[in-house]
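Engineer: I need the structure of the sequence given here:
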Amino acid sequence: MPPANEQADVVVIGAGIAGLVAALELLEHQRHVTLLDRCRPEEVGGLAREAFGGMFMVDSPQQRRSGINDSYELALDDWLRIAEFDDDDVWPRRWAEQYVARARDDVVKWLIERGVWFFPLVNWAERGMYGDGNSVPRFHLAWGCGQGLVDAIWDKLQEHTPHLDVHFDTRVTELVEDDDGAITGVRLEDGGEIEANATVIAAGGIGGNLDLIRKEWPADLGSPPEHLLMGSHYYADGALHDEAKRHGGNVTHIDRMWNYADAVRHPKPRRPLHGVKLIPPRSGVMLDPDGRRYGPIPVMPTFDARYALERMCEDERKYSWLVCNYKIARRELDVSGSEHNPHIREKRLGRFLASVVLGKPALVDYFVKHCPDFVAADSLEDLARKMSAVTEDGALDPQLMESEIKRYDDNLARGKGLWNDDQIRRIAQYRNWRGDRLRTSKFQRINDPKAGPLIAIRLQPMARKSLGGIQTDLQSRVLREDGEPIPGLYAAGEAAGFGGGGMHGKRSLEGTFLGGCVFSARLAAQAIAGEGELIQSHNGDVPAVATETET
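Structural biologist: Have a look, this model is predicted:
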């Protein structure tokens, strides 16, 4: 714990990736930083430590080497189409323009210079059910996952320890305001105070507060789920959003969230309602609780996460089934995050390459054995019985499920020239991209005795990321409702809706969350250090990316 009263150049609230980056950038500008977090030392990095570690990058060397023609104009067009900004979303749109233009150099190049390495092959996330997502692959995966990203920044921070004070197990309860309305520091849970010339809120979003998630649940998704898993950091409770608002800060778009429909209960939970986001097998068939296949457009969460959630939430029971087999799951099942990707997390290149070629049988076996939302059986009849035991609601119709699986399998069995199924066409698109070919089964039937056993996975909604937050200008200064900045107060990362109080709009292109944390944190630190005008000057026309970045 810090002393009862302390002074600092800058207080940074939150030791997630946004807080760590803000602290490092400030230290590199010769500022003294006090970093505060409620977590324990081994939890430093927050949700980023558990993340997969993907970064959205435009016109990167990796893309060029793979023959991908990308540009600022194309990427921004994709972003704006997905975001569906309202007319008054002035700051979110400005942040989006800046992030798309500068992500490669001001985010990824900066990370590379501090020891982070990215895979040469680019992944293609969020293509959109109607081709309205990422037009080209842009998801660049960090070697070491999110943990490697956090460790690299944390190691760099250790080079500045004479000017860095870090206090874990420390909770900020209030912002301190002087008579002129400026924020002059923070008050702690134990009654102590820290005076500072500037304060940065980097305490995450609201995903750890499920009551608040339900209260602000998006209206177009119907009633909030009674059963909702938590995939966020448990200290991301929105308390500092309220505190910023109490001092006049404008908090916007809290009902915009990036929740997932492809989660299961954690096999070995470390906190209440602990969920795991899967990357579900794309060759499996998605069914509603009754056993009916989603249609006429099939649901494939790997194409469009928001669309999958919308379809799941059409039913008040708000869960789905994915039915596949062992051969499919071994090739295609994955988990988004560092915990269940040890070969990437621990940087075991040989074992990682082997898993790409051979699949992940150990991962499938682990989840079938330990996760209560996985069941396996040798026949559809037995599978249906085990599925019904998981939900205990009597909803599943075994005959309906069997007929849906048979119809899909029969379509595949007719041969390539007679395929007439949108999911099969999408699988073909996956196999056309070299980054997905090895990880996508070659048009595998489900009820195939040679590919068994059959596997069913109950997928549920999980709270994850906040798309709205504390509104900021392009220097990450917290704004009042009248648009004026609050002196001395800044916000970065998810707390700021990753910039501007909602730079993603209503949906996200993926890979933009960690990058948004890095970008907004750097802008906050540069503004505090007196160099913010270098980025603020781009308020008007945003230039296309021009500089070369080698990784």
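
Engineer: going forward, measure contacts and count neighbours with C-alpha atoms only.
Structural biologist: Noted.

Engineer: where do the helices sit along the stretch 51-200 of the chain?
Structural biologist: Counting by DSSP state H, counting those that start in this stretch, the stretch 51-200 of the chain has helices at residues 61-65, 72-83, 90-102, 110-112, 145-157.

Engineer: what sits up against stretch 229-239?
Structural biologist: Judged by Cα atoms under 8 Å, 6 or more residues apart in numbering, the contacts made with stretch 229-239 from elsewhere in the structure are 38-39, 46-47, 203-210, 263-265, 272-277, 460-465.

Engineer: what stretches of the stretch 151-300 of the chain score poorly on pLDDT?
Structural biologist: For the stretch 151-300 of the chain, not a single residue meets the criterion pLDDT under 70.

Engineer: Start from the N-terminal end of the stretch 401-550 of the chain and give the helices.
Structural biologist: Counting by DSSP H, counting those that start in this stretch, the stretch 401-550 of the chain has these helices, from start to end: 422-432, 434-437, 513-528, 533-536.

Engineer: From the contacts of stretch 229-239, list just the buried residues.
Structural biologist: For the contacts of stretch 229-239, burial is judged from neighbour counts taken by 16 or more other Cα atoms under 10 Å, and it is met by 38-39, 46-47, 203-210, 263-265, 273-277, 460-465.

Engineer: From those residues, which land in strands?
Structural biologist: For these, the ones inside strands are 263, 264, 265, 275, 276, 277, 460, 461, 462, 463, 464, 465, with DSSP state E as the criterion.

Engineer: Name the helix or strand of the chain that has the lowest mean pLDDT.
Structural biologist: Ranking every helix and strand in the chain by mean pLDDT, DSSP states H and E puts helix 533-536 at the bottom, with a mean of 40.

Engineer: coming back round to it: how about the helices of the stretch 401-550 of the chain, which one is nearest residue 244?
Structural biologist: Closest to residue 244 of the helices of the stretch 401-550 of the chain is helix 513-528 (Cα to Cα; 16.0 Å).

Engineer: Contacts for the closest one next, please.
Structural biologist: Defining contact as Cα under 8 Å, 6+ apart, one finds that helix 513-528 is touched by 17-19, 21-23, 25-26, 48, 53-56, 99, 103, 106-108, 198, 200, 474-477, 490-494, 498-499, 532-533, 535.

Engineer: okay but residue 188 is in contact with residue 175, surely?
Structural biologist: No: under the criterion of Cα atoms under 8 Å, residue 188 makes no contact with residue 175, lying 9.1 Å away.

Engineer: Of those two, give the one with the bigger neighbour count.
Structural biologist: In this comparison of residue 188 against residue 175, neighbours counted by other Cα atoms under 10 Å, the higher total goes to residue 175 at 22 against 19.

Engineer: Please name the nearest non-neighbouring residue to residue 167.
Structural biologist: Excluding the flanking residues, the one nearest residue 167 by Cα to Cα, 6 or more residues apart in numbering is residue 36, at 5.1 Å.

Engineer: In the sheet, which residues pair with that neighbour? Tell me.
Structural biologist: Note on residue 36: beta-bridge partners residue 13, residue 167, judged by DSSP bridges.

Engineer: so what's it up against?
Structural biologist: Residue 36 makes contact with 11, 12, 13, 14, 15, 166, 167, 168, 170, 171, 172 under the criterion Cα under 8 Å, 6+ apart.

Engineer: Reformat those residues as TSV; add neighbour count and distance to residue 192.
Structural biologist: Supplementary listing: these in TSV, determined by neighbours: other Cα atoms under 10 Å; distance: Cα to Cα, whole Å:
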residue	neighbour count	distance to residue 192
11	27	14
12	28	16
13	27	15
14	30	17
15	29	19
166	16	15
167	18	13
168	19	14
170	20	10
171	20	10
172	23	10
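
Engineer: Is residue 9 part of a helix or strand, or is it coil?
Structural biologist: Remark: residue 9 carries the secondary structure label strand [criterion: DSSP: H, G, I helix; E, B strand; the rest coil].

Engineer: again with the one 10 residues further on
Structural biologist: Under three-state DSSP, the three-state class of residue 19 is helix.

Engineer: measure the closest residue to it other than its chain neighbours to residue 517 for me?
Structural biologist: Nearest non-adjacent residue to residue 19, counting by Cα to Cα, 6+ apart: residue 202, 5.3 Å away. From residue 202 across to residue 517, the span is 9 Å (Cα to Cα, to the nearest Å).

Engineer: who touches both of the two?
Structural biologist: 18, 492, 493, 494.

Engineer: if I pick the third one, what's in contact with it?
Structural biologist: Shown here is residue 493, whose contacts under the criterion Cα under 8 Å, 6+ apart are 18, 202, 204, 499, 513, 516, 517, 518, 520, 521.

Engineer: right, and the third one touches residue 499 too?
Structural biologist: Think residue 204. No: here residue 204 lies out of contact with residue 499, judged by Cα under 8 Å, at a distance of 12.0 Å.

Engineer: Let me see the ranges of the strands in the stretch 251-400 of the chain.
Structural biologist: Listed in chain order, the strands found in the stretch 251-400 of the chain under DSSP state E, counting those that start in this stretch are 251-252, 257-265, 275-279, 285-287, 320-325, 334-335, 374-377.

Engineer: Any buried residues in stretch 277-287, and which?
Structural biologist: Those would be 277, 278, 279, 280, 281, 282, 283, 284, 285, 286, 287, for stretch 277-287 by 16+ other Cα under 10 Å.

Engineer: Surely residue 244 forms part of a strand?
Structural biologist: No: checked against three-state DSSP, residue 244 lies outside a strand; its state is helix.

Engineer: Could you measure from it over to residue 450?
Structural biologist: Counting by Cα to Cα, the separation of residue 244 from residue 450 is 59 Å.

Engineer: For the two, indicate the residue with more neighbours.
Structural biologist: Of the pair residue 244 and residue 450, residue 244 is the one with more neighbours under other Cα under 10 Å, namely 23 against 10.

Engineer: tell me the pLDDT at the closest residue to residue 31 other than its chain neighbours?
Structural biologist: Closest residue to residue 31 apart from its sequence neighbours, by Cα to Cα, 6+ apart: residue 9 at 6.3 Å. At residue 9 the predicted local distance difference test score is 95.

Engineer: returning to that earlier point: and residue 83, which of the helices of the stretch 401-550 of the chain is closest to it?
Structural biologist: Taking Cα to Cα as the criterion, residue 83 comes closest to helix 513-528 out of these, the separation being 14.1 Å.

Engineer: Run the angle between that closest one and helix 145-157 for me.
Structural biologist: Counting by axes from the mean of the first three to the mean of the last three Cα atoms, to 10 degrees, helix 513-528 lies at 20 degrees to helix 145-157.

Engineer: Report the angle between helix 513-528 and helix 90-102.
Structural biologist: Going by the same axes, to 10 degrees, helix 513-528 makes 100 degrees with helix 90-102.

Engineer: Same question for helix 513-528: list its buried residues.
Structural biologist: For helix 513-528, burial by neighbour count (16+ other Cα under 10 Å) applies to 513-528.
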